[in-house]
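Engineer: generate coordinates for the sequence data below:
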Amino acid sequence: MDRCKAALRDAHLTPAQVDEVVLVGGSTRIPFVRKRVGEFFGKTPHTGLNPDEVVALGAAVQADILTSGRRDMLLLDVVPLSLGIETLGGVVDKLIHRNATVPARATTRYTTGADNQTAILVNIYQGERELTKDCRFLGTFKLSGIPPMPAQFAQVDVTFIVDHNGILTVSAKEQRSGTQAQVTVQAAHGLTTEEVDRLVNESIENAQDDFTTRRLIELRNKAENDLRHTQKALAQAADRLTPDQRAAIASASETLRSAIAGSELNVLQRSIDEFGAATNPLATLVMNEVLRQSLGGTDASDLNPDKL
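Structural biologist: Predicted structure coming up:
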């Protein structure tokens, strides 16, 4: 019954929405099993096929569909575990989620984390947990030849494709230069049903702790990124800030660094917000300078909206 409930939950269906229930496996010959399945779904289960041969029959039908190209019948398979890549801090960013129907395809855009970064290592993982240390490593490849540019300027599209046979192809392409690379792995290779169940159950049991850890890593990444950008901006425009504004940024910076070293989500989020408020005058100065240069020396405040 737990299996029936889990299957319906994954498919987002109710028992009343199921047209027919086919019994699979020798244990379904037990009268009490058939009785309980019938009560749960509100209909008599289908027993016209040998339960020991149902899976083999389905595999034969699927093989015929794949080789003959027939379209009058369709068997849908799903991805047993989510697939994604490692991002900054050992976090797994899932591109194709568990129970997605194959063939499946997903693309997400990423960027570089350091100035003048010329290569990206794409590590591929499988599993339901939030961190790479708790997921299954599938493979890796390196995207090289990215032109040197400031951090977060590169635009790298990572694409996951799972075909009918469960073969996963991962490709990455940097949009500005056209540099690309890819790797092919067999996502379901070596996993038993019991192992898949164990990985899913572990993700449920540890969901709250995993989310908290992931959120903390993401906030730390944001905070460090904000600090790095602020230091660059201060080098350009610190002399145009008032002493009070510089003091406020310095104080907020120290508070934020202390929060990064801690492990309190609320404290870190509040420190990021306060840092953003303190650095707002600096951001305004930098943005106005960018606009002034873009407009050929005209100050943004001098523009007449009626003439735009």
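Engineer: helices of the stretch 201-308 of the chain, start to end?
Structural biologist: Listed in chain order, the helices of the stretch 201-308 of the chain (DSSP state H, counting those that start in this stretch) span residues 207-237, 243-261, 265-278, 280-294.
Engineer: could I get the ones you listed as JSON lines with mean neighbour count, mean pLDDT and distance to residue 133?
Structural biologist: C-betas here are computed from N, CA, C, even on glycine. Below are those laid out as JSON lines (neighbours: other Cβ atoms under 10 Å; pLDDT from 0 to 100; distance: least, Cβ to Cβ, whole Å):
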{"stretch": "helix 207-237", "mean neighbour count": "15", "mean pLDDT": "90", "distance to residue 133": "10"}
{"stretch": "helix 243-261", "mean neighbour count": "16", "mean pLDDT": "93", "distance to residue 133": "21"}
{"stretch": "helix 265-278", "mean neighbour count": "16", "mean pLDDT": "93", "distance to residue 133": "20"}
{"stretch": "helix 280-294", "mean neighbour count": "14", "mean pLDDT": "80", "distance to residue 133": "36"}
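Engineer: wait, which of these is closest to residue 93?
Structural biologist: With distances scored as Cβ to Cβ, the stretch of these nearest to residue 93 is helix 207-237 (9.9 Å).
Engineer: show me what that closest one is packed up against.
Structural biologist: strand 91-96, helix 243-261, helix 265-278, helix 280-294 (3 or more Cβ pairs under 8 Å, 6 or more residues apart in numbering; DSSP states H and E).
Engineer: what do you get if the cut-off is 6 Å, keeping everything else the same?
Structural biologist: Using 3 or more Cβ pairs under 6 Å, 6 or more residues apart in numbering; DSSP states H and E as the contact criterion, the neighbours of helix 207-237 among helices and strands are helix 243-261, helix 265-278, helix 280-294.
Engineer: so which of those gets nearest residue 17?
Structural biologist: helix 265-278 (39.4 Å).
Engineer: quick one, that closest one and helix 280-294 angle?
Structural biologist: If you take axes from the mean of the first three to the mean of the last three Cα atoms, to 10 degrees, helix 265-278 sits at 50 degrees to helix 280-294.
Engineer: run through who's touching helix 265-278.
Structural biologist: Under the criterion Cβ atoms under 6 Å, 6 or more residues apart in numbering, residues 215-216, 219, 223, 248-249, 252, 255-256, 259 lie in contact with helix 265-278.
Engineer: follow-up on the earlier one: I'd like the helices and strands packed on helix 207-237 as CSV, with distance to residue 145 appended.
Structural biologist: Formatted as CSV, the helices and strands packed on helix 207-237 follow (distance: least, Cβ to Cβ, whole Å):
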stretch, distance to residue 145
helix 243-261, 33
helix 265-278, 35
helix 280-294, 29
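Engineer: save the contacts of helix 265-278 as a markdown table, and put in distance to residue 82 too.
Structural biologist: A markdown table is the format used below for the contacts of helix 265-278 (distance: Cβ to Cβ, whole Å):
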| residue | distance to residue 82 |
| --- | --- |
| 215 | 18 |
| 216 | 21 |
| 219 | 23 |
| 223 | 27 |
| 248 | 43 |
| 249 | 41 |
| 252 | 38 |
| 255 | 37 |
| 256 | 33 |
| 259 | 31 |
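Engineer: now, which of those residues sits nearest residue 230?
Structural biologist: Comparing the contacts of helix 265-278 against residue 230 with Cβ to Cβ picks out residue 249 as the nearest, at 6.9 Å.
Engineer: spatially nearest residue to that closest one (excluding sequence neighbours)?
Structural biologist: Among residues not flanking residue 249 along the chain, residue 278 sits closest, at 5.1 Å (Cβ to Cβ, 6 or more residues apart in numbering).
Engineer: how near is the one you found to residue 229?
Structural biologist: 13 Å (Cβ to Cβ, to the nearest Å).
Engineer: sorry, back to before: from the contacts of helix 265-278, which two are the most distant?
Structural biologist: Using Cβ to Cβ, the pair of these lying farthest apart is 215 and 248, separated by 26.9 Å.
Engineer: residue 59: which of the helices and strands packed on helix 207-237 is closest?
Structural biologist: Shortest separation from residue 59 across the helices and strands packed on helix 207-237 is recorded for helix 265-278, at 47.7 Å, computed as Cβ to Cβ.
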